[in-house]
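Peer 1: here is my input; please provide its structure:
(chains A, B, C, D, E and F)
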Number of protein chains: 6
Amino acid sequence: MPYIRIEITREGVTQEQKKQLIAGATELMVRVLDKDPATTFVVIDEVDLDNWGVGGQPVAEWRREQAAARSG
Amino acid sequence: MPYIRIEITREGVTQEQKKQLIAGATELMVRVLDKDPATTFVVIDEVDLDNWGVGGQPVAEWRREQAAARSG
Amino acid sequence: MPYIRIEITREGVTQEQKKQLIAGATELMVRVLDKDPATTFVVIDEVDLDNWGVGGQPVAEWRREQAAARSG
Amino acid sequence: MPYIRIEITREGVTQEQKKQLIAGATELMVRVLDKDPATTFVVIDEVDLDNWGVGGQPVAEWRREQAAARSG
Amino acid sequence: MPYIRIEITREGVTQEQKKQLIAGATELMVRVLDKDPATTFVVIDEVDLDNWGVGGQPVAEWRREQAAARSG
Amino acid sequence: MPYIRIEITREGVTQEQKKQLIAGATELMVRVLDKDPATTFVVIDEVDLDNWGVGGQPVAEWRREQAAARSG
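Peer 2: The predicted model follows:
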């Protein structure tokens, strides 16, 4: 009966990667909690970069600043 | 004050069907819990087929295998 | 395959009412979208009154002010 | 460690407004709960008008009726 | 930056199992999408059995009927 | 019409702090998007420490290791 929601930034995740995320998340439920795959839902939500914030900034901006700080 | 979130696969749900989902979900809150429709939110989230997994597989793949098993 | 999340304030919803919410939400998916009940999830999330805000206030406070305004 | 999800109707929110929402929500966590911005996520989910219901109706319809009632 | 939400029924999941779910979900993000564990959130939401419905019924009831049908 | 969900670890957030979170999140919607407070929901979800993971570990464990690394 698990419902697993995977929220990630929309950055070109391929169909094959989505299959691996679905298979991997389901396998995890089976392995750890002995859940039935047939009633295990996995939903992947891809979020535009402008719509995801960390450190008080949109992700793209935050990454630029992190990179600049590292190469500072 | 209810917030109802309806997550479904993106498979051509019509505007009229969305109206029925919103009306039906709200009516359910009024009937069972005597909630005020004016402060009842219904949000419909349509998820791409590739982004929804069941049985460890993307839905489309899972359906094909289920159909094959039935006609097996 | 629908996943329906019903978020309501924690105000003594009975087991019977929860059964009606689950049955009603599932019936709505069957009636409007011809979904399979066996793969339709309904999750009810009861939220403490202090943890739900509307009008910029916790619900209990907001309701008191609404009532006072009406009887004003 | 906060995760803040802001669900709004898709009505032309600008990139600049999204930056303000991300900055404002993060600042709120820092100010009230002394959280670390670097591990504070803000996710903005824009929902199509047809997919958001209030008062048992899609938002656009509900707004028209509210406007008509006011000018009634 | 992933946020992974694992919703399961509240049925005595142990602290050790929760650690495995967190580790497994994070490892999946690293393996498939090369994400940074330090900015990968995993949230486990345990839902009371009465609050989770499948097949139009509360889970406990649905399971009893499934078991009866199998041993029918 | 906004719905704002604030997920935080369950670490003794006071009633007063919850009021500030609700007021602050609502004020942000009014200030940036000119939303109506009367139809702005804020929901605070407090998550047990064991149920929140970062860096592939439960938060408490991750914090201990971060502290040890800093004082290393």
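Peer 1: for stretch A:8-24, the distance to its chain's centre please.
Peer 2: 8 Å (Cα atoms, centre = their mean, to the nearest Å).
Peer 1: just stretch A:48-62 next, same as before
Peer 2: Distance of stretch A:48-62 from the chain centroid (Cα atoms, centre = their mean) equals 15 Å.
Peer 1: can you give me the end-to-end span of that stretch?
Peer 2: Distance between the two ends of stretch A:48-62: 15 Å, counting by Cα to Cα, to the nearest Å.
Peer 1: is any residue of it near chain D?
Peer 2: Yes. Residues of stretch A:48-62 are located near chain D by Cβ under 8 Å from any Cβ of the partner chain, namely A:Asp50, A:Asn51, A:Trp52, A:Gly53, A:Val54, A:Gly55, A:Gly56, A:Gln57, A:Pro58, A:Glu61. (C-beta placed from N, C-alpha, C; glycine too.)
Peer 1: can you put those residues in a markdown table and add distance to E:Ile8, secondary structure and pLDDT?
Peer 2: Output for these, formatted as a markdown table (distance: Cβ to Cβ, whole Å; DSSP: H, G, I helix; E, B strand; the rest coil; pLDDT from 0 to 100):
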| residue | distance to E:Ile8 | secondary structure | pLDDT |
| --- | --- | --- | --- |
| A:Asp50 | 32 | helix | 97 |
| A:Asn51 | 27 | helix | 98 |
| A:Trp52 | 26 | strand | 98 |
| A:Gly53 | 28 | strand | 98 |
| A:Val54 | 27 | strand | 97 |
| A:Gly55 | 31 | coil | 97 |
| A:Gly56 | 32 | coil | 98 |
| A:Gln57 | 33 | strand | 97 |
| A:Pro58 | 32 | strand | 97 |
| A:Glu61 | 36 | helix | 96 |
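Peer 1: scan those and report the most crowded one.
Peer 2: Neighbour counts for the residues of stretch A:48-62 next to chain D (other Cβ atoms under 10 Å in any protein chain shown) peak at A:Gly53, which has 29 neighbours.
Peer 1: anything in stretch A:47-60 near chain E?
Peer 2: Yes. Shown here: stretch A:47-60 in contact with chain E (Cβ under 8 Å from any Cβ) through A:Trp52, A:Val54, A:Val59.
Peer 1: need the residues that contact that stretch.
Peer 2: Residues outside stretch A:47-60 that contact it (Cβ atoms under 8 Å, 6 or more residues apart in numbering or on different chains): A:7-11, A:62, A:65, D:15, D:18-19, D:21-23, D:25-27, D:37-46, E:1, E:39.
Peer 1: CA atoms only for stretch A:12-20, dumped as PDB, please.
Peer 2: This file holds the C-alpha atoms of stretch A:12-20, laid out as PDB (Å, rounded to 0.1, in the frame of the first residue of the first chain):
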ATOM      1  CA  GLY A  12      16.200  16.100 -18.400                       C
ATOM      2  CA  VAL A  13      15.500  13.000 -16.500                       C
ATOM      3  CA  THR A  14      15.200  10.200 -19.100                       C
ATOM      4  CA  GLN A  15      12.500   7.700 -19.500                       C
ATOM      5  CA  GLU A  16      15.000   5.000 -18.500                       C
ATOM      6  CA  GLN A  17      16.000   6.800 -15.400                       C
ATOM      7  CA  LYS A  18      12.300   7.100 -14.400                       C
ATOM      8  CA  LYS A  19      12.000   3.400 -14.900                       C
ATOM      9  CA  GLN A  20      15.000   2.900 -12.500                       C
END
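Peer 1: that stretch: which residues count as buried?
Peer 2: Buried residues in stretch A:12-20, defined by neighbour count with 16 or more other Cβ atoms under 10 Å in any protein chain shown: A:Val13, A:Lys18, A:Lys19.
Peer 1: can you tell me what sits against it?
Peer 2: The contact list for stretch A:12-20 (Cβ under 8 Å, 6+ apart) reads A:Leu21, A:Ile44, A:Glu46, B:Asp50, B:Asn51, B:Gly53, B:Gln57, B:Pro58, B:Glu61, E:Arg31, E:Val32, E:Leu33.
Peer 1: tell me the one of the residues you listed nearest chain D?
Peer 2: Set against chain D, the nearest of these by Cβ to the nearest Cβ is A:Glu46 (11.2 Å).
Peer 1: so A:Arg5 versus E:Glu7, what's the distance?
Peer 2: Taking Cβ to Cβ, to the nearest Å as the measure, A:Arg5 falls 8 Å from E:Glu7.
Peer 1: repeat for A:Ile22
Peer 2: To E:Glu7, A:Ile22 is 16 Å away according to Cβ to Cβ.
Peer 1: quick one on the thing from earlier: of the buried residues of stretch A:12-20, just say which sits nearest to chain E.
Peer 2: Using Cβ to the nearest Cβ, the buried residues of stretch A:12-20 come closest to chain E at A:Val13, 6.7 Å.
Peer 1: mind listing the helices for chain A?
Peer 2: A:15-33, A:59-71 (DSSP state H).
Peer 1: what angle do the shortest one and helix D:15-33 make?
Peer 2: Taking axes from the mean of the first three to the mean of the last three Cα atoms, to 10 degrees, one finds helix A:59-71 and helix D:15-33 inclined to each other by 70 degrees.
Peer 1: on that earlier part again, I'd like the residues of stretch A:48-62 next to chain D written out as TSV, with distance to C:Ala69 added.
Peer 2: Formatted as TSV, these follow (distance: Cβ to Cβ, whole Å):
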residue	distance to C:Ala69
A:Asp50	39
A:Asn51	36
A:Trp52	39
A:Gly53	36
A:Val54	41
A:Gly55	41
A:Gly56	37
A:Gln57	40
A:Pro58	40
A:Glu61	43
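Peer 1: ok, for the one residue in chain A that gets nearest to chain B, nearest residue in space, not its chain neighbours?
Peer 2: Per Cβ to the nearest Cβ, A:Ile22 is where chain A lies closest to chain B, at 3.0 Å. Residue nearest to A:Ile22 in three dimensions, not counting chain neighbours: B:Gly53, with 3.0 Å by Cβ to Cβ, 6 or more residues apart in numbering or on different chains.
Peer 1: wait, what's in contact with A:Leu28?
Peer 2: By Cβ under 8 Å, 6+ apart, A:Leu28 lies in contact with E:Leu21, E:Gly24, E:Ala25, E:Leu28.
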